[in-house]
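Q: Here is the input, now give the coordinates:
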Amino acid sequence: MSAIIALLLFLQPAPPFSARYLTPTSARLSWQQPSGVALTCLYRATTLIRCWRDLPAGPTFTTIGDVASFNGNLRPHAGDVYILTLDDAEWQARLASVARLALVRR
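A: All right, here's what the predicted structure looks like:
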């Protein structure tokens, strides 16, 4: 049975998974949650961020950094690689550099 589920997940298109800055100290991880996934987990490299059981299908996101409920050790840095696991399938997203705005004083 698990081989059938793994095959079905393999045949599904990869969920769009992205990581982008919201502020210089926080980022949003977003993906399209497929239906029928028992366990969804997020990692930064090898560090577990969080797991969810039986998330509903559809657009899904979480926020990390100083505007989130996660501790400050998860503050995002440019180049961080985030991993999304959906049961036995895995996708990666890299956090691009933060856009810096120039401040002009008069």
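
Q: Can you tell me how far the closest residue to Tyr43 other than its chain neighbours is from Thr23?
A: Closest residue to Tyr43 apart from its sequence neighbours, by Cβ to Cβ, 6 or more residues apart in numbering: Ile83 at 4.3 Å. Every residue, glycine included, has its C-beta placed from N, CA and C. Distance of Ile83 to Thr23, given as Cβ to Cβ, to the nearest Å: 23 Å.

Q: For these two, work out which one has more neighbours and name it.
A: Ile83 (18 against 12; other Cβ atoms under 10 Å).

Q: sec struct for that one, please.
A: strand (DSSP: H, G, I helix; E, B strand; the rest coil).

Q: my guess is it meets Ala89, correct?
A: No. Ile83 is not in contact with Ala89 according to Cβ atoms under 8 Å; the separation is 10.9 Å.

Q: check contacts around the residue nearest the centre of the chain.
A: The centre of the chain sits closest to Leu29, judged by Cα atoms, centre = their mean, with a distance of 3.8 Å. Contacts were defined as Cβ atoms under 8 Å, 6 or more residues apart in numbering; by that measure Leu29 touches Phe17, Ser18, Ala19, Leu42, Phe61, Thr62, Thr63, Ile64, Tyr82, Leu84, Ala93.

Q: Find the least confident helix or strand in this structure, judged by mean pLDDT.
A: Scoring the helices and strands of the chain by mean pLDDT, DSSP states H and E places helix 2-11 at the bottom, with a mean of 54.
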